[in-house]
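# any chance you could fold what I've pasted below:
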Amino acid sequence: MPSANVKQLSESAHDKLKQAITRLEPFLNENALPQLMTAEAGDQAAAFYKGLLSDLRHLLVFSEVAYEKLGVALRRPNFDNEFAEKALYETYHNCVNAYFYPKNEGYSEDGRYAYTGQDAIRFRAKPVRAARDIVLGVSKLYEELREELAYYESEYMTQRRMQGQK
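As a prediction, the model looks like this:
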(Lines give C-alpha, C1' and ligand atoms only; values in the text may rest on other atoms or scores of the structure.)
Protein backbone atom coordinates (compact mmCIF):
# COMPACT_ATOMS: atom_id res chain seq x y z
CA MET A 1 0.00 0.00 0.00
CA PRO A 2 1.40 3.46 -0.85
CA SER A 3 2.93 5.23 2.13
CA ALA A 4 0.66 8.29 1.73
CA ASN A 5 -2.37 6.04 2.23
CA VAL A 6 -0.76 4.31 5.21
CA LYS A 7 0.09 7.64 6.82
CA GLN A 8 -3.43 8.96 6.23
CA LEU A 9 -4.95 5.75 7.65
CA SER A 10 -2.60 5.95 10.62
CA GLU A 11 -3.66 9.53 11.35
CA SER A 12 -7.34 8.64 11.05
CA ALA A 13 -7.04 5.54 13.25
CA HIS A 14 -4.97 7.48 15.79
CA ASP A 15 -7.71 10.13 16.01
CA LYS A 16 -10.54 7.59 16.33
CA LEU A 17 -8.69 5.66 19.03
CA LYS A 18 -8.11 8.89 20.96
CA GLN A 19 -11.85 9.63 20.82
CA ALA A 20 -12.70 6.11 22.02
CA ILE A 21 -10.16 6.30 24.85
CA THR A 22 -11.52 9.66 26.04
CA ARG A 23 -14.98 8.08 26.30
CA LEU A 24 -14.01 4.70 27.77
CA GLU A 25 -11.53 5.85 30.41
CA PRO A 26 -13.86 8.19 32.36
CA PHE A 27 -16.63 5.59 32.30
CA LEU A 28 -14.34 2.91 33.72
CA ASN A 29 -12.85 5.32 36.27
CA GLU A 30 -16.27 6.40 37.52
CA ASN A 31 -18.19 3.11 37.35
CA ALA A 32 -17.59 -0.11 39.18
CA LEU A 33 -19.84 -3.08 39.80
CA PRO A 34 -21.75 -1.45 42.72
CA GLN A 35 -22.60 1.63 40.59
CA LEU A 36 -24.01 -0.50 37.77
CA MET A 37 -25.99 -2.96 39.88
CA THR A 38 -29.52 -2.03 40.79
CA ALA A 39 -31.08 -3.01 44.12
CA GLU A 40 -33.18 -5.79 42.62
CA ALA A 41 -30.38 -7.20 40.43
CA GLY A 42 -29.32 -10.76 41.13
CA ASP A 43 -26.41 -13.05 40.41
CA GLN A 44 -27.12 -13.10 36.68
CA ALA A 45 -26.89 -9.30 36.49
CA ALA A 46 -23.67 -9.35 38.52
CA ALA A 47 -22.11 -11.81 36.07
CA PHE A 48 -23.28 -9.69 33.14
CA TYR A 49 -21.73 -6.49 34.51
CA LYS A 50 -18.50 -8.21 35.60
CA GLY A 51 -18.08 -9.51 32.07
CA LEU A 52 -19.01 -6.17 30.48
CA LEU A 53 -16.58 -4.22 32.66
CA SER A 54 -13.83 -6.76 31.96
CA ASP A 55 -14.41 -6.51 28.21
CA LEU A 56 -14.40 -2.70 28.32
CA ARG A 57 -11.15 -2.68 30.32
CA HIS A 58 -9.53 -4.95 27.74
CA LEU A 59 -10.83 -2.74 24.94
CA LEU A 60 -9.41 0.34 26.64
CA VAL A 61 -5.98 -1.25 27.09
CA PHE A 62 -5.85 -2.52 23.50
CA SER A 63 -6.91 0.91 22.26
CA GLU A 64 -4.29 2.71 24.36
CA VAL A 65 -1.51 0.40 23.13
CA ALA A 66 -2.56 0.84 19.50
CA TYR A 67 -2.87 4.61 20.00
CA GLU A 68 0.68 4.76 21.36
CA LYS A 69 2.11 2.65 18.51
CA LEU A 70 0.41 4.78 15.88
CA GLY A 71 1.62 7.88 17.70
CA VAL A 72 5.20 6.60 17.54
CA ALA A 73 4.83 5.93 13.82
CA LEU A 74 3.42 9.40 13.18
CA ARG A 75 6.05 11.22 15.30
CA ARG A 76 9.05 9.68 13.59
CA PRO A 77 10.95 12.12 11.35
CA ASN A 78 10.86 9.61 8.50
CA PHE A 79 7.54 7.81 8.37
CA ASP A 80 8.20 4.05 8.68
CA ASN A 81 5.61 2.50 6.39
CA GLU A 82 6.26 -1.07 7.56
CA PHE A 83 5.99 -0.19 11.26
CA ALA A 84 2.75 1.73 10.63
CA GLU A 85 1.24 -1.13 8.62
CA LYS A 86 1.98 -3.52 11.47
CA ALA A 87 0.44 -1.08 13.96
CA LEU A 88 -2.68 -0.80 11.77
CA TYR A 89 -2.90 -4.57 11.52
CA GLU A 90 -2.67 -4.87 15.31
CA THR A 91 -5.26 -2.10 15.69
CA TYR A 92 -7.69 -4.07 13.58
CA HIS A 93 -7.05 -7.42 15.20
CA ASN A 94 -6.87 -6.21 18.79
CA CYS A 95 -9.16 -3.18 19.04
CA VAL A 96 -11.81 -3.79 16.41
CA ASN A 97 -12.08 -7.47 17.26
CA ALA A 98 -12.16 -6.72 21.01
CA TYR A 99 -15.10 -4.41 20.44
CA PHE A 100 -17.13 -6.55 18.06
CA TYR A 101 -16.31 -9.92 19.64
CA PRO A 102 -16.10 -9.34 23.40
CA LYS A 103 -14.83 -12.32 25.36
CA ASN A 104 -17.69 -12.34 27.86
CA GLU A 105 -20.37 -11.73 25.24
CA GLY A 106 -22.29 -9.11 27.19
CA TYR A 107 -23.29 -7.70 23.84
CA SER A 108 -22.96 -8.69 20.22
CA GLU A 109 -23.46 -7.23 16.79
CA ASP A 110 -26.59 -8.27 14.94
CA GLY A 111 -25.91 -7.71 11.25
CA ARG A 112 -29.61 -7.73 10.44
CA TYR A 113 -29.91 -4.26 11.95
CA ALA A 114 -26.84 -2.78 10.28
CA TYR A 115 -28.76 -1.47 7.26
CA THR A 116 -31.92 -0.34 9.02
CA GLY A 117 -30.47 2.68 10.78
CA GLN A 118 -31.04 1.01 14.15
CA ASP A 119 -28.29 0.10 16.58
CA ALA A 120 -26.72 -3.18 15.49
CA ILE A 121 -25.48 -3.88 19.02
CA ARG A 122 -27.70 -6.19 21.05
CA PHE A 123 -27.14 -6.75 24.76
CA ARG A 124 -27.45 -10.14 26.43
CA ALA A 125 -29.24 -8.49 29.36
CA LYS A 126 -30.81 -5.06 29.72
CA PRO A 127 -28.00 -2.78 30.96
CA VAL A 128 -28.31 0.41 32.97
CA ARG A 129 -28.29 3.60 30.91
CA ALA A 130 -24.60 4.44 31.54
CA ALA A 131 -23.39 1.00 30.39
CA ARG A 132 -25.64 1.06 27.33
CA ASP A 133 -24.51 4.58 26.42
CA ILE A 134 -20.79 3.80 26.58
CA VAL A 135 -21.01 0.67 24.42
CA LEU A 136 -23.22 2.37 21.85
CA GLY A 137 -21.25 5.62 22.14
CA VAL A 138 -18.02 4.09 20.87
CA SER A 139 -19.76 1.83 18.38
CA LYS A 140 -19.52 4.28 15.48
CA LEU A 141 -15.78 4.81 16.06
CA TYR A 142 -15.02 1.09 15.96
CA GLU A 143 -17.31 0.61 12.95
CA GLU A 144 -15.36 3.29 11.08
CA LEU A 145 -12.07 1.70 12.13
CA ARG A 146 -13.32 -1.66 10.89
CA GLU A 147 -14.27 -0.20 7.52
CA GLU A 148 -11.02 1.73 7.11
CA LEU A 149 -8.78 -1.12 8.21
CA ALA A 150 -10.60 -4.05 6.56
CA TYR A 151 -7.59 -4.42 4.25
CA TYR A 152 -5.51 -5.47 7.24
CA GLU A 153 -7.83 -8.32 8.11
CA SER A 154 -6.31 -10.59 5.49
CA GLU A 155 -4.27 -8.77 2.85
CA TYR A 156 -1.55 -7.54 5.19
CA MET A 157 -0.77 -11.03 6.51
CA THR A 158 -0.97 -12.53 3.02
CA GLN A 159 1.50 -9.92 1.83
CA ARG A 160 3.86 -10.66 4.73
CA ARG A 161 3.68 -14.41 4.15
CA MET A 162 4.52 -13.93 0.50
CA GLN A 163 7.56 -11.92 1.58
CA GLY A 164 8.57 -14.70 3.96
CA GLN A 165 7.96 -12.68 7.14
CA LYS A 166 5.83 -13.26 10.21
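# in contact with the closest residue in space to Phe83 that isn't next to it in sequence, which residues?
For Phe83, ignoring the flanking residues on the chain, the nearest one in space by Cβ to Cβ, 6 or more residues apart in numbering is Ala73 at 5.3 Å. Backbone N, C-alpha and C define where each C-beta goes, glycine included. Counting by Cβ atoms under 8 Å, 6 or more residues apart in numbering, Ala73 makes contact with 10, 79-80, 83-84, 87.
# looking at those residues, which one is closest to Ser54?
Within these, proximity to Ser54 (Cβ to Cβ) peaks at Ala87, which comes in at 24.9 Å.
# quick check: the closest one vs Arg23, distance?
According to Cβ to Cβ, to the nearest Å, Ala87 and Arg23 sit 21 Å apart.
# can you check Asp110 too?
Distance from Asp110 to Arg23, by Cβ to Cβ: 22 Å.
# average pLDDT across the helix or strand hosting His58?
According to DSSP states H and E, His58 maps onto helix 43-75. Mean pLDDT, computed over helix 43-75, is 94.
# run the chain-centre distance for that helix.
7 Å (Cα atoms, centre = their mean, to the nearest Å).
# what comes up buried for it?
45, 48-49, 51-53, 55-56, 58-60, 62-67, 69-70, 73 (16 or more other Cβ atoms under 10 Å).
# how about the strands in this structure?
Ranges of strands in the chain, per DSSP state E, are 107-109, 121-123.
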